[in-house]
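Visitor: No sequence on hand, only this structure:
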């Protein structure tokens, strides 16, 4: 019933590491380390330094360079998370990352942009285009989840785009996630919601919109 603390073989050669003593530029380099422990510790320390008011302008430029140009999506994601922890994704970089060839980079960009529940009009337009054209179900999943973080009047076009993907009708998560984002719209604007239901290619959402409308006296 106990737990294994560690397993060793042969003669041990422990290393003592104090990441907190490293300068910030070396902490940036650790975002590329093969051992994720160094990555996480370096990110935490950079976050603490940012919170204390330290000027991390050069650090953020270096992280942005990794996020933009590194060929491995895992390294891009590490740089994105470090940028988010030290002040957020720069708008220009975020716009670029939304067009990345890596689906998880696009997906995580969506999530990080909506941490404060607000995006600008240009970003919203990108979301709308992605909801219609992005071939990745992972990205569509993140967009569906993002609906609940958008103001009601900014959800319509993204929801409409997601509902054009009939291939998602049998997905385990997407129909319900889209519905959770759409549900408040039904009573907010019943006629528009019913138009959305009639054009949707995901029957579960269509059925739920009709049921929700029928349960509301005004919408009925």
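Guide: Nice, I can see it. Please read all numbers here as calculations on a predicted model, not as lab measurements.
Visitor: What strand or helix carries residue 132?
Guide: Assigning secondary structure by DSSP states H and E places residue 132 in helix 121-133.
Visitor: right, and the helix or strand after that helix?
Guide: Using DSSP H and E, the helix or strand that directly follows helix 121-133 along the chain is helix 137-146.
Visitor: what helices or strands is the helix holding residue 132 leaning on?
Guide: On a contact count with 3 or more CB pairs under 8 Å, 6 or more residues apart in numbering; DSSP states H and E, helix 121-133 meets helix 91-97, helix 103-113, helix 137-146, helix 156-162. For the C-beta atoms, the positions are set from N, CA and C on the backbone; glycine is no exception.
Visitor: what comes up buried for the third one?
Guide: Applying a neighbour-count criterion of 16 or more other CB atoms under 10 Å, one finds 137, 139, 140, 141, 142, 143, 144, 145, 146 buried in helix 137-146.
Visitor: and residue 37, helix, strand or coil?
Guide: Three-state assignment for residue 37 (DSSP: H, G, I helix; E, B strand; the rest coil): helix.
Visitor: Give me the nearest residue to the residue nearest the centre of the chain, chain neighbours excluded.
Guide: Nearest residue to the geometric centre of the chain (CA atoms, centre = their mean): residue 111, 2.2 Å. Sequence neighbours aside, residue 142 is the residue nearest to residue 111 in space, at 5.8 Å (criterion: CB to CB, 6 or more residues apart in numbering).
Visitor: if I pick the one you found, what's in contact with it?
Guide: 106, 107, 108, 110, 111 (CB atoms under 8 Å, 6 or more residues apart in numbering).
Visitor: ok, which stretches of the chain are helices?
Guide: 24-29, 36-51, 57-69, 73-85, 91-97, 103-113, 121-133, 137-146, 156-162, 174-188, 190-199, 203-214 (DSSP state H).
Visitor: Residue 140 contacts residue 162, correct?
Guide: Yes. In this structure residue 140 lies within contact range of residue 162 using CB atoms under 8 Å: 6.0 Å.
Visitor: shared neighbours of these two, which are they?
Guide: With CB under 8 Å, 6+ apart, residue 140 and residue 162 have common neighbours 131, 168, 174.
Visitor: Now do stretch 168-179: everything it contacts.
Guide: By CB under 8 Å, 6+ apart, stretch 168-179 touches 137, 140-141, 144-145, 147, 159, 162-163, 165, 201-205, 208.
Visitor: Tell me, how many residues neighbour the nearest residue to residue 97 once chain neighbours are set aside?
Guide: In space, and not counting its chain neighbours, residue 97 is closest to residue 109: 4.3 Å by CB to CB, 6+ apart. Residue 109 has 27 neighbours, counted by other CB atoms under 10 Å.
Visitor: And for residue 183?
Guide: Neighbour count of residue 183, defined by other CB under 10 Å: 17.
Visitor: For it, give its distance to residue 28.
Guide: 43 Å (CB to CB, to the nearest Å).
Visitor: With residue 22 instead?
Guide: To residue 28, residue 22 is 10 Å away according to CB to CB.
Visitor: Overlap in contacts, the two.
Guide: When contacts are counted by CB under 8 Å, 6+ apart, residue 22 and residue 28 are jointly contacted by residue 42.
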